[in-house]
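# how would this look folded up:
(chains A, B and C)
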Amino acid sequence: MSRFVTVDIQEIQRSITADPVRIMWRAAWTMLIATILSCGTVVVIGFIAPSAIPANAAPFLSVGLLAIPPTVWFLTTERVKADIEVATGSEYSVTFVLSAIATSAVVLPVLDLVISPAEWLSRESTLTRITGFTLTTAVWLEAAKYLLVRWRAWDVYDEPFRAIMHTVSVALGSAAALSVVQLITYNSTPTAFALRVLANNVIGLIASLIISYGLVRSRRGEAGIWLLPVVFIAACLLTGIVLTFRSGLLNGQLGLLGAVPRPLFAFGFVVAYCVAGMAFVRFIYTNMQRTWALTKNELED
Amino acid sequence: MFPPIPETTSSLSFSQRWAHYVTLGAILSMVLLGIVLRETIRWRLTVYQDARTGIVAPYPANWLLDQSGADYVFRVRDMQALGFKTTIQLSIVPVGTATTERNIADRLAYERSQTLIDYRQLSTESIIVDDVSAEQVTYAYISRDTSPFTEAIPTVVLGTDIVVLTRGQALVITFRSEAGQYQDNYEYFRRFLAGLEY
Amino acid sequence: MMLRCLLVVIALAAGVSGISAQTAELFNLERIQQATVFIAQVEGTRLNTRCVGSGVLVRPDGVILTNAHHTVPSATCPGDTLIISITLDPTQPPVPKYRAEIAQVDAGLDLALLRITREFDGRSIDPTTFPQLPFVDQAPSSDVQLDQTVTFVGYTDLGNVPVRSIRGTVRGFIAEAIGGERSWIKTSSVEPVSGIMTGGGVYNEAGQLIGIPTSAPTAAQLADANCLRLEDMNGDGVVNSADACIPIGDDISVVRPSDFARPLIRSASFDLTVRDLTQAVRSEAAAERPRVARVFAAPSVVNDVPSTVVASLPAGTTSLYLFFDYFNMTPEAVYEVRVTVDGIPNTTFSLPPVRWSGGRNGMWYIGSSGQPYPNGNYEYRIFIDGVAAASYTVTVGGPLPTAPAFSNVVFGILNPDGQLAGSGYVLPTGSIATARFIYSNMQPDLPWTVVWYYNNTQLVQTNDLWRLELGANGTQSISLQPQGGLPIGEYRVELYISNILSATGDFTIAGSQQAALPVIFSSVEFQRVDAAGETTGQPGTSFPDGAVSLQVQFNWQQIALGTLWRVEWLVDDATFFVQEQPWLLAESGQGYRLRLVSRGGIPDGTYTIRLYVAGLLVESRTVTVGIGQLRIDRFAVPTGVTLRGRIIDYETQTGIEGVTFVLISTDFSVADFRWEQSQIFALAVTDRNGNFQIDRPLQYDAPYSVLVSAVGYLPLSVDGFSLTPEDPNPLEMLITLVRD
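Model (predicted):
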């Protein structure tokens, strides 16, 4: 915590010409668009011409897809660092790494070896699946990310742009770990892996940003006892719903000649969720900032 | 643009602290609920009842119930498992006045050695089931898909037979599972035995 | 007008192609190939091959129809184990998979039913896990037409080549005493049909079994090039003439009609066995070398006897039969009839080497009708075990017969009105037997002779001159009334004109007289038998509570030693057991017992026992068991769509082993499915490559439901899974499962 820069933020705010929060959103959107485009390209190619992707290039392509979200994020936020002229430090890089470690070392082993939702949840009803994913996959993933940021970056969560930086970093770290483990475990084709990369990053990011809203409000003393836990539960529930519907859309329909999955359906659903989710998060953040502006004006008045 | 930041303090306010505690509590609760849900679904049971033989047997839900065999009263198999389909089976064998559980167990060994590939009896011991003496035989064999048109890989299977003499007949309770998952799947059999009435 | 004609032509062509397409779809060659097995009869612990042939699965539980000569242990084929090899891939040779045992056999008809009982390694088969094997459907072989296109399916080599199909044509039918006009189907083929195909199948255009190609190797063939030496039988380290060889019959040109196998298949289907509890107390004289005698020709057959005896037939003749007496024949004997016309071999009327299907002694005939006989001198040469036994020459092409002749000899008892009463060839004991015959073109004072025989020994000979008052054409009766009455046994009358045999007839005397008919068997009673083998309860004709086993008991009277008698059992009017044998007991007695057994108890049905003496039905009794009707076997439907496919993982695009493909019966939807076996039509589990195959054919237009479920994957299901004849058969599915 002592590594946080103690500068006069007001000085910074007066010196910069752009809203760092907006820059953060822009960086996040850049990262998401790059992810969507890269994964979407592979999904479409895999759908139209599956044999177009050479087998020996598949591993490299998968690693490339895996690396795009964090790479684009860190490149764009480096630019932000320059704009802000604040050595915000590499602490969010550390957050990224710690999140990846926590996910791969704790969360995934617990989910795969102990909870194993795929073994008992796949044949249940939709409502049970939503409940199951909420109470297993979503809780464990979001809890790890919540505890990490709560421990590592609580103090800086009063500043929205830093909150967003850490939130996105922790979400990308968790998603990267998830994707790496899935790549190694399933040995997926690039098409299937592209869908996983997109889903891991988007679903984890939206949930983390929703939870970060609660953290920011709580850190700034603007929330009571219940906002944060309610937001956390809501984020988990939303994740559970999205996971359930995504797999349902991906699953094929059985006919006389067999069953073929519907990757474009799943891809489209995740993209739509990304757009809607980011818009919602942006909305609540903007609302929060507007409230602050009104309060400030009132104070100045 | 940015509202003034409150004075940084190292201590948390009441609401901040309790918000965190409540969030932790919510996490814990959801984790526990998840475990409860998992256990509920995993160990869901369906009850088999046969008025003719007086058998009431709870078996795992969504296991395939088969009553069509000549050699058993009923058999349930986990058809949704990959690999060998874990099986629980109940048979009734007629006995004479001098027949013991060990006689039945030996008879089963003779018959199984004729039909099961590489049948090997591993252990035979006397046990108590519901305050009744019984004979437990553990064995291993190779299971293979019998269709000649497919290329199935044979599997090593561990099996357990429990022979109980009751009401002038022998009840043979059989459990079979792929050897590598025998311990994990044995819980199904333990719960089956706990709920079995005859 | 032209347009109309064109439209008609187009419509006809479309109809024909539609029919051809439908026929092509009905003829599921792949399923027939999978149902055709290669049978190796092996011997000893080293499993040395002694005989080989083909076979056909006729039931899904592993019942195989084939010939008896290469499966039943005999001097030619002394093996003790039957190895069954199955075609897994129609482009590859068969693969040994099972061992079988003989379930039913009719050595005379050269038919055997095998049942798969063990795995290839000798382990007993667990019936609960035995898969449903592909099997073939049967068509009535009586529907086979001349010039019909047929297909032979079987193996042409000793396990080195895949199963083959050869097109052929029906050239004619051969009649024999045992089976009537269609005892054999004569065929020709586009290429020679190897003798190894014996026991395989011959199919009509709809892919239904109509016959079993048959070629029995003779003893002589054990020494010729057709006998193959492949293995070091004697263990001396070399394969040479000191090693036993595998005999191969001649190329196949005759087919045993499949109707002869129906009783065997029925008994195997219902697992019904008839046990004779009454042992023979006397036996016939020791066998000598088989021989034939008294060979002659007749233009037609009436009640298994020649209508008349001829040495020539007019041009345009369409039926001709060769009669002969046979002695000391056995079912292992191989007989052959070679026919030459003006010295040129004629395969149409010849019978290649086949197993003897008659009794030990008696009169036999072979011939055909309904086919034109070209003019010429027909020389018939009879061979037994490859050795010439007799010959006879008959000329076809002469003028219409105007010579005096006798014909159509029948036997009976004269009633007070002077009418001949009785069955025609089985008479009760008494003092007088009368034969009536037709005479034509007779002239006064023509010498004619009557010779009566009793058990092949001449009894009476009467020489006479034809009386004027009898006229040239009419019927005449002659009687036999020896001193001391007529003893029971076999009788024969021969009628000669100018010392040339003109007509002959055989009859049997047995039983006591009741009106003009014999009473041979009586007091036929059915009784239930319990699990301990003891009769229980009162005799009756209805056992609504079912029966573990069924025993029939009857008395007999006045049957001579050696008289041919036949037992026939039917269930729901379908024959499942036929056994004809010479009578070996005392002439009269009580309590002849036959027991009908079946594993698991006698199936419900209406059972009939019929007793014949010398071909005459003398007694018939019926009993009902249970509801009096057989259960419908829903599994025994061979036609339909073969469903198979592959299940792969979406992530890796590789097959998933162990996934269960469930085909729910038409009565239930996926929502109704409660994971009970009774709701399932069929299920399959994928192998290491993700491949699966449903072992029961699916029916057209039947709305099945499908469920594919595996742990870790999202399930797939559909209702209304229905197939039409336009869908491909076999139907290949590719199912991709998504991980959860």
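
# C-terminal to the helix or strand of chain B with the lowest mean pLDDT, what's the next element?
Using mean pLDDT, DSSP states H and E, helix B:101-115 stands out as the lowest-scoring helix or strand of chain B, at a mean of 85. Per DSSP states H and E, the first helix or strand lying C-terminal to helix B:101-115 is strand B:117-129.

# in that next one, what's buried?
B:119, B:121, B:124, B:129 (16 or more other CB atoms under 10 Å in any protein chain shown). Every residue, glycine included, has its C-beta placed from N, CA and C.

# sorry, back to before: the least confident helix or strand of chain B vs strand B:117-129, what angle?
160 degrees (axes from the mean of the first three to the mean of the last three CA atoms, to 10 degrees).

# which non-adjacent residue is nearest the residue sitting nearest the centre point of chain A?
The residue lying closest to the centre of chain A (CA atoms, centre = their mean) is residue A:205, at 1.6 Å. With sequence-adjacent residues excluded and distances taken as CB to CB, 6 or more residues apart in numbering or on different chains, residue A:205 is closest to residue A:171, at 4.3 Å.

# Over to residue C:481?
Using CB to CB, 6+ apart, the closest residue to residue C:481 is residue C:432 (4.3 Å).

# Ok, residue B:31 next?
Nearest to residue B:31 is residue A:139, by CB to CB, 6+ apart, at 5.8 Å.

# now residue A:131
For residue A:131, the spatially nearest residue (CB to CB, 6+ apart) is residue B:37, at 6.5 Å.

# List the residues that contact the one you found.
A:128, A:131-132, A:135-136 (CB atoms under 8 Å, 6 or more residues apart in numbering or on different chains).

# now do 10 Å
A:115, A:117, A:120-121, A:124, A:128, A:131-132, A:134-136 (CB atoms under 10 Å, 6 or more residues apart in numbering or on different chains).

# cool, residue A:211 as well?
Neighbours of residue A:211 in contact, by CB under 10 Å, 6+ apart: A:142-143, A:145-146, A:149-150, A:167, A:170-171, A:228, A:231-236, B:23.

# Report the buried residues of stretch C:563-576.
Buried, per 16+ other CB under 10 Å, within stretch C:563-576: C:563-571, C:575-576.

# Revised request: answer the last question for stretch C:204-217.
C:204, C:207-217.

# from the residues you listed, which two are the most distant?
Of all pairs drawn from the buried residues of stretch C:204-217, the greatest distance, 29.3 Å, lies between C:207 and C:217 (CB to CB).

# just to revisit the earlier point, so which elements touch the helix or strand containing the residue nearest to residue A:205?
Assigned by DSSP H and E, residue A:171 belongs to helix A:160-186. For helix A:160-186, the packing partners by 3 or more CB pairs under 10 Å, 6 or more residues apart in numbering or on different chains; DSSP states H and E come out as helix A:20-48, helix A:58-84, helix A:91-102, helix A:108-109, helix A:139-152, helix A:190-219, helix A:263-300.

# okay, those in a markdown table with distance to residue C:367 next?
A markdown table is the format used below for those (distance: least, CB to CB, whole Å):
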| stretch | distance to residue C:367 |
| --- | --- |
| helix A:20-48 | 72 |
| helix A:58-84 | 75 |
| helix A:91-102 | 93 |
| helix A:108-109 | 86 |
| helix A:139-152 | 89 |
| helix A:190-219 | 74 |
| helix A:263-300 | 74 |
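
# need those in CSV with mean pLDDT, can you?
Output for these, formatted as CSV (pLDDT from 0 to 100):
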stretch, mean pLDDT
helix A:20-48, 92
helix A:58-84, 85
helix A:91-102, 90
helix A:108-109, 94
helix A:139-152, 94
helix A:190-219, 95
helix A:263-300, 90
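
# residues touching residue C:383, list them.
C:218, C:220, C:334-338, C:351, C:353, C:389-391.

# can you pull the pLDDT of it?
For residue C:383, the pLDDT comes out at 93.

# Can you name the next helix or strand after the helix or strand encompassing it?
Assessed by DSSP H and E, residue C:383 sits inside strand C:376-384. As assigned by DSSP H and E, the chain's next helix or strand after strand C:376-384 is strand C:387-398.

# So for that next one, what gets flagged as buried?
C:389-390, C:392, C:394, C:396-397.

# For it, enumerate its sheet partners and note whether each is parallel or antiparallel.
The strands beside strand C:387-398 in its sheet (DSSP bridges) come out as strand C:312-314 (parallel), strand C:376-384 (antiparallel).

# tell me the mean pLDDT over it?
91.

# Which strand residues bridge residue C:273?
When assigned by DSSP bridges, residue C:273 has beta-bridge partners residue C:597.

# residues near residue 114, how many?
Let's take chain A. Neighbour count of residue A:114, defined by other CB atoms under 10 Å in any protein chain shown: 11.

# hmm, I had chain C in mind actually
Neighbours around residue C:114, by other CB under 10 Å: 28.

# Would you mind giving the secondary structure of it?
strand (DSSP: H, G, I helix; E, B strand; the rest coil).

# In contact with the residue of the stretch 51-200 of chain A found nearest chain B, which residues?
Distances between the stretch 51-200 of chain A and chain B by CB to the nearest CB are smallest at residue A:135, namely 3.3 Å. Shown in contact with residue A:135 (CB under 10 Å, 6+ apart): A:115, A:117, A:236-237, A:240, B:29-38.

# And for residue C:481?
C:430-434, C:460.

# which of these lies closest to chain A?
Nearest member of the contacts of residue C:481 to chain A, counting by CB to the nearest CB, is residue C:433, at 72.7 Å.

# check contacts around the closest one.
C:411-414, C:422, C:427, C:452, C:478-482, C:486, C:491, C:493, C:507, C:509.

# residues touching the nearest residue to it once chain neighbours are set aside, list them.
With CB to CB, 6+ apart as the criterion, residue C:433 has its nearest non-adjacent residue at 4.8 Å, and that residue is residue C:480. Neighbouring residues of residue C:480 by CB under 10 Å, 6+ apart: C:411, C:431-435, C:450, C:452, C:454, C:459-460, C:462, C:486, C:491, C:493, C:507.

# Name the nearest of those residues relative to chain B.
Distances from chain B to the contacts of residue C:480, taken by CB to the nearest CB, are shortest for residue C:507, at 51.4 Å.
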